[in-house]
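A.B. asks: The following comprises the amino acid sequence and a computationally predicted model.
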Amino acid sequence: MYTIGDYLLDRLSEIGITEIFGVPGDYNLQFLDKIMANKNLNWVGNANE
């Protein structure tokens, strides 16, 4: 199933984004899994906002 999250990550990658910064949390763990699975994007975790 192709989700909105998949579409967003594909589009970000298409326009040249290579890193995504964020704070891991309970509500975005599934999305973080999608970022980690995407070979064109790197996750950069932060300790706080």
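C.D. replies: Received it, and whenever you're ready, just let me know what you need. Every value quoted in this text rests on a predicted model; they were computed, and no experiment measured them.
A.B. asks: which residues of this structure fall in helices?
C.D. replies: Using DSSP state H, the helices assigned to the chain run over residues 4-14, 29-37.
A.B. asks: Now stretch 24-37: buried residues?
C.D. replies: For stretch 24-37, the neighbour count (16 or more other C-beta atoms under 10 Å) marks Phe31, Leu32, Ile35 as buried. Just so you know, the C-beta spots here come from the backbone N, C-alpha and C atoms, and that holds for glycine as well.
A.B. asks: and if you look at stretch 37-49?
C.D. replies: For stretch 37-49, using 16+ other C-beta under 10 Å, the buried residues are Asn38, Leu41.
A.B. asks: Identify the residue nearest the geometric centre of this protein.
C.D. replies: In the chain, the residue lying closest to the centroid (C-alpha atoms, centre = their mean) is Ile35, at 3.4 Å.
A.B. asks: Tell me, what's the model's pLDDT at that residue?
C.D. replies: Here the pLDDT value assigned to Ile35 is 95.
A.B. asks: my read: it touches Leu9, true?
C.D. replies: Yes. Counting by C-beta atoms under 8 Å, a contact exists between Ile35 and Leu9, whose distance comes to 6.5 Å.
A.B. asks: Can you work out which residues contact both of these two?
C.D. replies: Common contact partners of Ile35 and Leu9 (C-beta atoms under 8 Å, 6 or more residues apart in numbering): Leu41.
A.B. asks: Could you measure from the nearest residue to Trp43 once chain neighbours are set aside over to Tyr2?
C.D. replies: The shortest distance from Trp43 to any residue other than its chain neighbours is 4.9 Å, reached at Ile35 (C-beta to C-beta, 6 or more residues apart in numbering). From Ile35 across to Tyr2, the span is 16 Å (C-beta to C-beta, to the nearest Å).
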